[in-house]
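Colleague: below: sequence and its predicted model.
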Amino acid sequence: MTTDDAAGRPGRVQKLPELRWWWVAAAAAATAVLIAAATWLLVSQVATAPTSDTARAELDAIRTALSLAVGTGGAFALWLAARRQRSTEIQIRETIAATAEDQRHRERVQLATEFDLTERRITELYAKAVEQIGSDKVPVRLGGLYALERLANANPTLRQAVVNVICAYLRMPFPKPSWDYESSRAAELESGMSEAERREREELPVRLAAQGVLADHLREADGSPEKWGALDLDLSRAVLIDFRFEGCAVGKARFRGTLFLVVARFDNTVFHGETWFYQSDFDRLASFSGAKFVDRAVFTGARFGWNLLARGTRFLGGAWFTPSEFCGICDFRDGEFARFIEFDERPKLGEQVGGTWSWDEFPSTRFNFRGARIGQLAEEPTLPDRWRVGADGTLTYRGELDPS
């Protein structure tokens, strides 16, 4: 008899107890005693029969005793045959179970071998791609970057590691270009470039491609295998050029000391973890319109070189903008500050004069919080001068000038 486990696989085979020789001898002796007793009983009854029937009675007694002996022997033989058949069936089941277990073991070994080979292959490809990224040749670096992209598409467990490698590449030293990186006059520019500037210009498309890989695959997941989900980013002290990260979803994000050249667009991006823009420098436009910060957002020490657009932005975990430097209009219309908000009451305004920056008090009218709402704050909010929280939680401006 066999027992099945919860998954329906044949389990341990229940064996019959071993048939020992003395069991057979004891059974034979007991049978002989039983037959002898029955014979004696039958023969003893013959003595009470009439004399004329004695011979016939003895013959019937002997015939009955022999029939009993034959029947008992037949029953014993039948039992032995049934037991032998049962033993044979159990042996067959044991063989089947052993064969099945051996097959499962072979399959497990095969799967483990295939998994090991696949992991080795992935590791080799990953190591080769990382090595290519460190090449001094631009096409090789681009090839390594796109090889990492393919690996991450095919292997979800590698995606965070690939993002970490790309972020590490973007964090590598890259000076702010002294040449016009937005100009299309490549031949004219290259003719007057130094060797260092030429290398920087060759590096630019690689960095733009790396930024594009992050933006393309971190956009809100739609079930496509090419969407990597909300992963952590660490682009601290990186130099990012024309960084377009609209509609993405990230976990923790660190942009500490990051330099954003041209524009930085985070419109409709969801930041699920802590987000740090501590001492980051936005060279021109910084746009966070429609973005959502689930955890705290720290812009302490940040510099905004032009307009800061944050229309409809939701700060659900607190927002820190003190001390920060602003060089343009700050638009927080229709935003939401759910837990904490802190600005300098009189932030600073930067004005470029003769190639240098001078800082004066930032007029409060350069801020626009029209339609923005304050939630149940844990602490009293610190807002720019003349901006107050109304009775309905809406930010209002008190003064003669209403910002447009």
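Modeller: Yep, that arrived. What you see is a predicted model; the values in this text were computed from it and never measured. Numbers count the residues shown, from 1 in each chain.
Colleague: C-alpha coordinates for stretch 277-291, PDB please?
Modeller: C-alpha atoms of stretch 277-291 as PDB (Å, rounded to 0.1, in the frame of the first residue of the first chain):
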ATOM      1  CA  PHE A 277      17.700  67.500  -3.900                       C
ATOM      2  CA  TYR A 278      20.000  68.800  -1.200                       C
ATOM      3  CA  GLN A 279      22.300  71.500  -2.500                       C
ATOM      4  CA  SER A 280      21.400  70.600  -6.100                       C
ATOM      5  CA  ASP A 281      21.800  73.200  -8.800                       C
ATOM      6  CA  PHE A 282      19.200  73.700 -11.500                       C
ATOM      7  CA  ASP A 283      20.900  75.700 -14.200                       C
ATOM      8  CA  ARG A 284      17.600  76.700 -15.900                       C
ATOM      9  CA  LEU A 285      14.100  75.400 -15.800                       C
ATOM     10  CA  ALA A 286      13.100  73.000 -13.000                       C
ATOM     11  CA  SER A 287       9.600  71.600 -13.600                       C
ATOM     12  CA  PHE A 288       7.800  69.300 -11.100                       C
ATOM     13  CA  SER A 289       4.200  70.000 -12.300                       C
ATOM     14  CA  GLY A 290       1.800  67.200 -11.400                       C
ATOM     15  CA  ALA A 291       4.500  65.300  -9.500                       C
END
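Colleague: what about that stretch, average pLDDT?
Modeller: Average pLDDT, stretch 277-291: 96.
Colleague: again, but for stretch 294-301
Modeller: Stretch 294-301 comes out with an average pLDDT of 95.
Colleague: what of stretch 312-328?
Modeller: For stretch 312-328, mean pLDDT is 89.
Colleague: before we move on, what about stretch 74-86?
Modeller: Stretch 74-86 comes out at a mean pLDDT of 81.
Colleague: ok now it, how far from the chain's centre?
Modeller: 62 Å (C-alpha atoms, centre = their mean, to the nearest Å).
Colleague: and stretch 286-299, by the same measure?
Modeller: Relative to its chain's centre, stretch 286-299 lies at 24 Å (C-alpha atoms, centre = their mean).
Colleague: what's that stretch in contact with?
Modeller: Counting contacts by C-beta atoms under 8 Å, 6 or more residues apart in numbering, the residues outside stretch 286-299 that touch it are 260, 263-278, 280, 304, 306-321, 324, 340. No exception for glycine: its C-beta is placed from N, CA and C like everyone else's.
Colleague: go again using 6 Å as the cut-off
Modeller: Residues outside stretch 286-299 that contact it (C-beta atoms under 6 Å, 6 or more residues apart in numbering) are 264-278, 304, 308-321, 324.
Colleague: from those residues, which land in strands?
Modeller: 264-265, 270-271, 275-276, 304, 308-309, 314-315, 319-320 (DSSP state E).
Colleague: many thanks, we can stop here.
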